[in-house]
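> what would the 3D arrangement of this be:
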Amino acid sequence: MIVFIFVVIIFLLLILPHELGHFFAAKASGMRVERLSLGFGPKLWGIKRGETEYIISAFPLGGYTKIAGMQPGEYKTENGFYSKPLRSKVAVLVAGSAMNFLVSILLFSLIFIIGFQTTDLKTPVVGGIVPNSP
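Numbers count the residues shown, from 1 in each chain. Here you go, the predicted model:
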């Protein structure tokens, strides 16, 4: 059970920077972000700050950033995704992957700065030779 909990926590730590990338890019582009969720399904916990609702949901298998104007029929929403120029839309879509890339660089840098324990491998020793062997 404890392994499952650690797997869920690590998975959420991978999802969070990705979704925050979309979130911050949308906010910087002037888009209205309606919801930032870690997980899917029923809401376990949530808080609303300003125009955005922050949620932790029951199934920690992903997450999403709900930006106004991205759903069918919402194309003309004020401060929505499709009301912004192409460069803003591309920035929002690419920001999640860019954040994953930046986090990986940061983690690898920390590993090499802090260091890591290596295993001292000894030179192999021949214990003996079997008679009549090649």
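
> can you tell me how far Phe108 is from Ser133?
Distance, Phe108 to Ser133, by Cβ to Cβ, to the nearest Å: 46 Å. Where C-beta positions appear, they are placed from N, C-alpha and C, glycine not excepted.

> between those two, who's got more neighbours?
Phe108 (10 against 5; other Cβ atoms under 10 Å).

> helix, strand or coil for the more buried one?
Here Phe108 is recorded as helix under DSSP: H, G, I helix; E, B strand; the rest coil.

> measure it to Thr118 for me?
16 Å.

> the helix or strand Ala26 falls within packs against which elements?
Element membership for Ala26, per DSSP states H and E: helix 2-28. With contacts defined as 3 or more Cβ pairs under 8 Å, 6 or more residues apart in numbering; DSSP states H and E, the packing partners of helix 2-28 are strand 33-49, strand 52-67, helix 86-114.

> can you give me the offset of that helix from its chain's centre?
Centroid separation for helix 2-28 versus its chain: 4 Å, with Cα atoms, centre = their mean, to the nearest Å.

> pLDDT of that helix, averaged?
Averaged over helix 2-28, pLDDT sits at 91.

> now that helix: buried residues?
By 16 or more other Cβ atoms under 10 Å, the buried positions in helix 2-28 come out as 11-12, 15-23, 25-26.

> in JSON lines, list the residues you listed along with distance to Met70.
Compiled in JSON lines, those are given as follows (distance: Cβ to Cβ, whole Å):
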{"residue": "Phe11", "distance to Met70": "24"}
{"residue": "Leu12", "distance to Met70": "23"}
{"residue": "Ile15", "distance to Met70": "19"}
{"residue": "Leu16", "distance to Met70": "20"}
{"residue": "Pro17", "distance to Met70": "21"}
{"residue": "His18", "distance to Met70": "17"}
{"residue": "Glu19", "distance to Met70": "14"}
{"residue": "Leu20", "distance to Met70": "17"}
{"residue": "Gly21", "distance to Met70": "16"}
{"residue": "His22", "distance to Met70": "11"}
{"residue": "Phe23", "distance to Met70": "13"}
{"residue": "Ala25", "distance to Met70": "13"}
{"residue": "Ala26", "distance to Met70": "10"}
